[in-house]
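Colleague: predicted model and sequence follow; I will ask about them next.
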Amino acid sequence: MTMFKDPEADVGGRGRPEEAEALTPRYRVIYQELLASIRDGHYAVGSLLPPELELCRRYAASRHTIREAVRLLTESGMVSRRPGVGTRVETTRATTRYTQEISRLEDLFQYIKHATLQVLSVKLLRIGARRAQWLESDPESRWLNIIAIKLLQDQDAPVAYSEVYVHPDYSAVGSDVGKIKLPLSLLIERRFSKRIIQVRQEFSATPIKGETAARLKIRPGTAGLVITRKYYGEMQSLMLMTITTFPYNKMKYSMSLKFDAPAAK
């Protein structure tokens, strides 16, 4: 999984402290509080953090939110998870790590300036049990489903095939699809005055088959790259999910890594 800086993390100089806190995802607030408790010795090195359910009660948060907070501590090297034991405090200082330098959601969508979106279908879809797992939702719920291909002016074959799912609360955005040249995430934000707080992105390799291969005008079984993005709003609610498939020879992904050096003592 590729991790991104929270697009609302840098709020310095843009408002009052309470406004900045309101924009910070709940799991990150809890992470910061746990981090402070470890650094000030409340949770000593070698000791265990309270069990997950106790943390849920203490912070009045869901298990998912607590897991995200503990995940950040784990990634920083400050705690480790041990099956049958618990979450153990390993150090009071975060270890050196690399982070991807993407600070704005717009940075994820630069390719759209050069691509034409051709919408193939827009419909409300009962998601069923299999999709419910992806969408963290009720199998009986009806999400807006969009199928589209992306074309470049100088290429005959499409460069990407996209399958999109929009939460029922925002399904009215379907009337704008294909008419306004903006990423769907930005359309949702503007139309409903909602903020996307976090984007989670996963890459996977797969042979491209069936309808996807036909739409991309490639031989079935051609190697492909799939990028899955989940867009979360406040309270870790999933607003939008996109699954985009590229033939292996139509996609190149690059990124810049920033070295986070340990702070001087």
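Modeller: Done, it's in. Numbers count the residues shown, from 1 in each chain.
Colleague: tell me the secondary structure at the residue lying closest to Glu90 once chain neighbours are set aside.
Modeller: Once flanking residues are discounted, Glu90 sits nearest to Ser80: 5.4 Å by C-beta to C-beta, 6 or more residues apart in numbering. Yep, even glycine has a C-beta here, placed from its N, CA and C like the rest. Three-state assignment for Ser80 (DSSP: H, G, I helix; E, B strand; the rest coil): strand.
Colleague: my guess is Ser80 contacts Thr87, does it?
Modeller: Yes - with contact taken as C-beta atoms under 8 Å, Ser80 and Thr87 are classed as touching, separated by 7.3 Å.
Colleague: mutual contacts of the two, please.
Modeller: Common contacts of Ser80 and Thr87 (C-beta atoms under 8 Å, 6 or more residues apart in numbering): Thr74.
Colleague: out of the two, which sits in the more crowded spot?
Modeller: Thr87 (22 against 14; other C-beta atoms under 10 Å).
Colleague: the more buried one: what's its closest spatial neighbour, skipping adjacent residues?
Modeller: That would be Leu49: by C-beta to C-beta, 6+ apart, it lies 4.3 Å from Thr87.
Colleague: surely that neighbour touches Arg67?
Modeller: No - using C-beta under 8 Å, Leu49 is not in contact with Arg67; the gap is 12.0 Å.
Colleague: quick one: which of the two has more around it?
Modeller: The neighbour count for Leu49 versus Arg67, taken as other C-beta under 10 Å, is higher for Leu49 (20 against 15).
Colleague: for that one, give its distance to Ala214.
Modeller: 51 Å (C-beta to C-beta, to the nearest Å).
Colleague: just Ile149 next, same as before
Modeller: According to C-beta to C-beta, Ile149 and Ala214 sit 11 Å apart.
Colleague: quick one, what contacts the nearest residue to Met251 once chain neighbours are set aside?
Modeller: Leaving aside its chain neighbours, Met251 sits nearest to Leu225 (5.0 Å; criterion: C-beta to C-beta, 6+ apart). Leu225 makes contact with Phe203, Ser204, Ala205, Thr245, Phe246, Tyr248, Met251, Tyr253 under the criterion C-beta under 8 Å, 6+ apart.
Colleague: now swap in Leu120 and tell me
Modeller: Ile147, Ala148, Ile149, Arg215.
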